[in-house]
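> Provided below for reference: sequence and predicted model.
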Protein chains: 2
Amino acid sequence: MGLKEIVEGIGQTDGEFVEKARERTSQLVMPTRALGRLHDISEQLCGIYKTLEPSINSKAILVMAGDHGVVNEGVSAYPQVITGEMVRTFLKNGAGINVLARLVNADVWVVDMGIISDLDPASLEKGERLLIRKVAKGTANLAKGPAMTRQEAEKAILTGFQLSTDLFQRGVEILGTGDMGIGNTTPSAAIGTVLTGRSLEDMVGRGTGVDDKGLLRKRETIRRAIEVNRPDRGDGLDVLSKVGGFEIGGIAGCILAGAYHSRPVVIDGFISTAGALVADAICPEVVDYVFAGHRSEEPGHKIMLDYLGLNPILDLGMRLGEGTGGALAMGIMEGAVRIFQDMLTFEEAGVSDKES
Amino acid sequence: MGLKEIVEGIGQTDGEFVEKARERTSQLVMPTRALGRLHDISEQLCGIYKTLEPSINSKAILVMAGDHGVVNEGVSAYPQVITGEMVRTFLKNGAGINVLARLVNADVWVVDMGIISDLDPASLEKGERLLIRKVAKGTANLAKGPAMTRQEAEKAILTGFQLSTDLFQRGVEILGTGDMGIGNTTPSAAIGTVLTGRSLEDMVGRGTGVDDKGLLRKRETIRRAIEVNRPDRGDGLDVLSKVGGFEIGGIAGCILAGAYHSRPVVIDGFISTAGALVADAICPEVVDYVFAGHRSEEPGHKIMLDYLGLNPILDLGMRLGEGTGGALAMGIMEGAVRIFQDMLTFEEAGVSDKES
């Protein structure tokens, strides 16, 4: 399927089911909407699934990994070799995302969208979920030209779309997006700057922890990248190809797949939200299928979320990526669904309602 | 045990274990403290338990119920009969707290601290966890005189202390506090006003949903209650007896028990935090054993939390009480503990650390 067909296949969530769900919430044995955001979440899920019996029991997280030519500009506090090392750590179930995914009973799939290391699929142990879908061995340095070709950008998105489609077809009911890629706050901030129209000062933060000098270098690098590449704000694919990354394109594809198949997608932090910005630029309807897992410490993240009209579920000062914020938020969403399904109504409980 | 002995038995949490825990966190395979609040939570638990292997697997929630004479002033949107009806709903496992406690695998115990209805313990079905510890059948109207005697206030606190002690001795590793009592945002706001020293305008909100007229009536009622009773800010027991409630005293007792036995207590919203204010007035060391589950929509709640120096884990626009915010937060705390215990270190994962 091509991108055009995907976009044409995306419709709106069902407002009538949201209304019916709100009606049911109003009958539950508590003061009006006393569990706040939990009701909004369950009702949005009803609208996405067109049901009054939403289920998010079957959970999966796609951790998209990619490398970035821009690390040559000295924009990251960590060496590039870590991308591949962390992918191995994911496969060993030893990283943050593995721990938090286990907590909420979500399966983690790791996708090599274009890292420099080569992992041998034949060497994988039983249960290690690695999908090798290299678009290329890392992007080109976006400070000097496009990060990737337009064809590669499309391929990255379609790859994310296809992998998510496979998961949904296997019965996954909610999908989380995660990322790994040393240097990837730089393309994410570039995408955020271009697509939200905000300043570099607002959008560019320290990522995994560059110092003051590194921060200035990072801003200057992104300023040059935008000047050199002149990405077209009205064309999401152009923005992705010029200042993006393969994992970011993959994440955009996951989000398009959620909307196309009417399934919820929980995004994580700064990088996943850059992916959401790209998906939104391609097809603005996607946002209704997206849940923002948390607000990251990376300062530009709130600007991105506000631009998309997304209200993060958690705000815990996290800035790890990998999908960790989305995983934790899935636990809250599970609570929202159970409240909607399992709480008694005033009538069932035999409790008097509010005095009129 | 008397209140004096309890206070004498409360010490500080162990700063050395917090330091050792921070050292371990710094070795985990991620950028420095990249999971933010999760690290603060796990390290605080290490300090409470004096261990580097904290466990909060065994969870319980005490839902304290009481009635309030002040409802005669028209301060609540709901009729008083609901207190007993909701207690029955808790026993039927059909309320919000039951649903969210199941989600995080916490046992719910309901305590009749002084409701007007009489529930017959002989009529309980198997598995229904009701503890009848009536201090009296509802408090007196605090707008006209003390809500209870000083002896009753002490009895309420000691009851909460003893019930929590029993749970800790049975192996409970983390305790949540919950409340039920029509009218109980009024005594809670009165306690908040007296103990934080802030204005009635700041502290008094709509509770379960009074209208504008009801809100003015509620403020005026509390103003009179403080004028008539002249509670002594320096004496937590005096404040509780004059403008408090039996369930609020019970919650204060839970918090004292957590500190006394070096166990963490997760408070919920406005009413539980009023209980924490009372406990703090009796023994300020308790605060280090307390986790604020969430920030309630009730506007005075943030003032109370700030006064106690507590940073809420969740902020989801909830205002139900019952312990629901604390229950949901226990899931996040479980995540914090698992990150601390299960995530690999850089060394274990064979991942390169930051470039120096």
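Alright, I've got the coordinates.

> where along the stretch 101-250 of chain A do the helices fall?
A:150-169, A:185-196, A:200-203, A:212-229, A:236-243, A:246-260 (DSSP state H, counting those that start in this stretch).

> Could you export those as TSV, including mean pLDDT, mean neighbour count and distance to chain B?
Glycine gets a C-beta too; all of them are placed from N, C-alpha and C. Formatted as TSV, the helices of the stretch 101-250 of chain A follow (pLDDT from 0 to 100; neighbours: other C-beta atoms under 10 Å in any protein chain shown; distance: least, C-beta to the nearest C-beta, whole Å):
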stretch	mean pLDDT	mean neighbour count	distance to chain B
helix A:150-169	98	21	23
helix A:185-196	98	28	11
helix A:200-203	96	17	19
helix A:212-229	96	17	11
helix A:236-243	98	26	23
helix A:246-260	98	32	17
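
> just so I know, which of the ones you listed lies nearest A:Asn72?
Among those, the nearest to A:Asn72 by C-beta to C-beta is helix A:212-229 (9.7 Å).

> Dihedrals phi and psi, the residue nearest the centre of chain A?
With distances taken as C-alpha atoms, centre = their mean, A:Ile267 lies nearest the centre of chain A, 2.9 Å away. Backbone torsions of A:Ile267, given as degrees, to the nearest 10, read phi -90, psi 160.

> still on that earlier bit, any chance of the helices of the stretch 101-250 of chain A in a markdown table, plus distance to B:Val75?
Below are the helices of the stretch 101-250 of chain A laid out as a markdown table (distance: least, C-beta to C-beta, whole Å):
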| stretch | distance to B:Val75 |
| --- | --- |
| helix A:150-169 | 51 |
| helix A:185-196 | 46 |
| helix A:200-203 | 46 |
| helix A:212-229 | 53 |
| helix A:236-243 | 54 |
| helix A:246-260 | 46 |
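
> Distance check, the residue nearest to the centre of chain A against A:Glu125.
30 Å (C-beta to C-beta, to the nearest Å).

> how near is whatever residue of the stretch 1-150 of chain A ends up closest to chain B to A:Val351?
Chain B sits closest to A:Gly36 of the stretch 1-150 of chain A, with a gap of 2.8 Å, by C-beta to the nearest C-beta. A:Gly36 sits 20 Å away from A:Val351, going by C-beta to C-beta.

> for A:Thr89, same thing?
From A:Thr89 to A:Val351 the distance is 50 Å (C-beta to C-beta).

> who has more neighbours, these two?
A:Thr89 (27 against 21; other C-beta atoms under 10 Å in any protein chain shown).

> Please identify the helix or strand for the more buried one.
Remark: A:Thr89 resides in helix A:82-91, with elements defined by DSSP states H and E.

> ok, and does that helix reach over to chain B?
Yes. With C-beta under 8 Å from any C-beta of the partner chain as the criterion, chain B is reached by helix A:82-91 at A:82, A:85-86, A:88-89.

> Of these, which pair is most distant in space?
A:Ile82 and A:Arg88 (10.4 Å).

> For these two, indicate the residue with more neighbours.
More crowded of A:Ile82 and A:Arg88, by other C-beta under 10 Å: A:Ile82, with 24 against 18.

> Give the closest residue to that one in space, chain neighbours not counted.
A:Ile182 (5.2 Å; C-beta to C-beta, 6 or more residues apart in numbering or on different chains).

> The one you found: how many residues sit nearby?
Neighbours around A:Ile182, by other C-beta under 10 Å: 28.

> Would you confirm that it contacts A:Gly84?
No. Checked against C-beta atoms under 8 Å, the pair A:Ile182 and A:Gly84 is beyond contact range at 9.5 Å.

> tally of neighbours for the closest residue to chain B within the stretch 201-350 of chain A?
Nearest to chain B, among the residues of the stretch 201-350 of chain A, is A:Gly317, at 2.8 Å (C-beta to the nearest C-beta). A:Gly317 has 18 neighbours, counted by other C-beta under 10 Å.

> Got phi/psi on it?
The phi/psi pair for A:Gly317 (degrees, to the nearest 10) is phi 70, psi 30.

> Understood, closing this out.
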